[in-house]
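**Student:** from the sequence below, what's the structure:
(one chain, ligands or ions: 1)
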Amino acid sequence: MAHRIRVRPRPKPVAVESLNTLRSQPWFTVATSFEHSLHQQPGEANSRQDWELEAFIASGGKLPSVFDQDPSLRSGLGAASATLPAWARRTPEDPSTLSPWAGGASGLSDGVSGIYSPTSFETLAACPFKYFLGNVLHVKETAEPGDAHRLEARDRGAIVHDSLERFFVDAAAEMRLPGPSDTWAVEDHARLAAAAGEICDRFEAAGKTGGAALWYVDRARILRDLKGFLAADDERRLVSGNAFLHAELSFGFQPKEGEESANQPPVAVPLAGGDVVHFRGRIDRVDRSPGGELIVYDYKTGRASEYKNLSSADDPLSGGRHLQLPIYALAARAAFGDAPVSAYYWAASEQEGYKAYGYQVDEATLTRLGEVLAVLAHLVGDGLFPQVPGKPSRNSYENCRYCPFDRVCPSASRTGAWESRKWSAGLADYVALTEAVSSEPAQPGVPSG
Ligand code: SF4
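**Tutor:** The predicted model follows:
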């Protein structure tokens, strides 16, 4: 049987020339731009944004009171009006105050009333504007699964951390932890490899591991690093006589609803000046020495160069860039009793030789912690978040090279901009804190025993 196909005629496109023939119609209007249309036909807004723009235009550029209810819009318009005229007139910035464009955000700060991660304050010390974007405005990178050409460093770190966490937590629960002079058995190596394999598969399924050839290499390297880590752990316990005490000590996190948690309370650090800042975190591991000292470890999977002189530095907190160890030491003391504490970054890779870098956290270090945090808390409390790029380094700046906000920061002469803005009101203590410390790659230091 023959079928008839009915084709619905499509409307013909209207040529621009024919539009001109319609100009005489009473319903026909010409708008040369979107903004022009808002000027021309107020009251015909199609969306909330259109309506807000109309209200703004009708006010002659002054903010109508209705915008008081939208603080982000007010701040954005305030920042734009504070900056654009200066650009247009090419007049120099007022060096005595931080403008909204340069990181002055006093209206947006609610002080240091939350529970913070040590790394967020480390970011604040390195570049307050980076902290502002990531931790105050919560701007996030947009990464699409499948975009990565190769496993990213942070995902590699997550695989290694998750694998070691699962392995050590299971070993502790099953009473398989070795004594100081014991070594991990062949079956233990197989358990760690199996745990790591499962976690690798999960990252692969999520599209985070990049091309097949490079992932083959990266996966093999992760498994090799983990196998070597168990051997390094055998050696460390044998040489030091330390015993494994606890894996994954978390503090300051809110347990999820219905979840039973071994979570410890937040660490409260008293500041010089009387305030208190609260911290949360996860300590990878705590050991105990034969003399009763607590030994805290934080596993690191990247380059260890920035930690190499911590043990011998005048300021082991590096002007606020290294705060994890003393805060973790306080958390370990709170959990296991008031004992001396040493804290270390432990490089979990063959490339870095599985060395650990750190120091004994004494009272002088804890006093210094309170002083450093007071300076940083003052920035947050006063809403002072200047852009601090650091020294020029490899076609960029040392703080900006791996910063996710590199593209949104003004690119011209970042060092020059910071050099002129650092004299702004309220920044003197921050400048004194951070500029006394060299962030150049460190000299080889003393690995822990
Ligand atoms: S790009 Fe540089 S100046 Fe801008 S936020 Fe990042 S570290 Fe700071």
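**Student:** so the nearest residue in space to Pro404 that is not next to it in sequence, which of the three states?
**Tutor:** Nearest residue to Pro404 in three dimensions, chain neighbours excluded: Glu141, at 4.6 Å (Cβ to Cβ, 6 or more residues apart in numbering). C-betas here are computed from N, CA, C, even on glycine. Here Glu141 is recorded as coil under DSSP: H, G, I helix; E, B strand; the rest coil.
**Student:** give me phi/psi at Ala173?
**Tutor:** Note on Ala173: its backbone torsions stand at phi -60, psi -30 [degrees, to the nearest 10].
**Student:** likewise for the one 5 residues further on?
**Tutor:** Taking degrees, to the nearest 10, you get phi -80, psi 150 for the backbone angles of Pro178.
**Student:** excluding its backbone neighbours, what's nearest Asp275?
**Tutor:** Ala377 (6.4 Å).
**Student:** check Gly320 too.
**Tutor:** Leaving aside its chain neighbours, Gly320 sits nearest to Ala125 (2.8 Å; criterion: Cβ to Cβ, 6+ apart).
**Student:** buried sites along the helix or strand harbouring the one you found?
**Tutor:** Using DSSP states H and E, the element containing Ala125 is helix 118-126. For helix 118-126, a neighbour-count test (16 or more other Cβ atoms under 10 Å) marks Pro118, Ser120, Phe121, Glu122, Thr123, Leu124, Ala125, Ala126 as buried.
**Student:** over to stretch 339-358?
**Tutor:** For stretch 339-358, a neighbour-count test (16+ other Cβ under 10 Å) marks 341-349, 352, 354-358 as buried.
**Student:** out of those, list just those in strands.
**Tutor:** Among these, the members found in strands (DSSP state E) are Val341, Ser342, Ala343, Tyr344, Tyr345, Trp346, Ala347, Ala356, Tyr357, Gly358.
**Student:** this structure: strands as residue ranges?
**Tutor:** Under DSSP E, the chain gives strands at 115-116, 243-251, 267-270, 276-279, 281-288, 294-300, 341-347, 356-360, 392-393, 396-397.
**Student:** relative to strand 341-347, how tilted is the fifth one?
**Tutor:** This means strand 281-288. With axes from the mean of the first three to the mean of the last three Cα atoms, to 10 degrees applied, the angle from strand 281-288 to strand 341-347 works out at 110 degrees.
**Student:** strand partners (parallel or antiparallel) of strand 281-288?
**Tutor:** In the sheet, strand 281-288 lines up against strand 243-251 (antiparallel), strand 294-300 (antiparallel) (DSSP bridges).
**Student:** with the fourth one instead?
**Tutor:** Take DSSP bridges as the rule and strand 276-279 pairs in its sheet with strand 115-116 (parallel), strand 267-270 (antiparallel).
**Student:** let's have these in JSON lines, adding mean neighbour count, distance to Ala193 and mean pLDDT.
**Tutor:** Shown next, in JSON lines, are the strands paired with strand 276-279 (neighbours: other Cβ atoms under 10 Å; distance: least, Cβ to Cβ, whole Å; pLDDT from 0 to 100):
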{"stretch": "strand 115-116", "mean neighbour count": "22", "distance to Ala193": "36", "mean pLDDT": "94"}
{"stretch": "strand 267-270", "mean neighbour count": "19", "distance to Ala193": "35", "mean pLDDT": "94"}
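**Student:** for stretch 386-402, what is the distance to the chain centroid?
**Tutor:** Taking the mean of its C-alpha atoms, stretch 386-402 sits 16 Å from the chain's own mean (Cα atoms, centre = their mean, to the nearest Å).
**Student:** how about stretch 357-367?
**Tutor:** For stretch 357-367, the separation from the chain centroid amounts to 24 Å (computed by Cα atoms, centre = their mean).
**Student:** how about that stretch as CSV, C-alpha atoms only?
**Tutor:** The C-alpha trace of stretch 357-367 is given here as CSV (Å, rounded to 0.1, in the frame of the first residue of the first chain):
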residue,chain,number,x,y,z
TYR,A,357,59.4,17.0,57.8
GLY,A,358,58.3,18.7,61.0
TYR,A,359,59.2,19.6,64.6
GLN,A,360,58.2,19.3,68.2
VAL,A,361,55.3,21.6,68.8
ASP,A,362,56.4,23.5,71.9
GLU,A,363,54.8,26.3,73.9
ALA,A,364,56.6,29.0,71.9
THR,A,365,55.1,27.6,68.7
LEU,A,366,51.6,27.6,70.1
THR,A,367,52.1,31.2,71.3
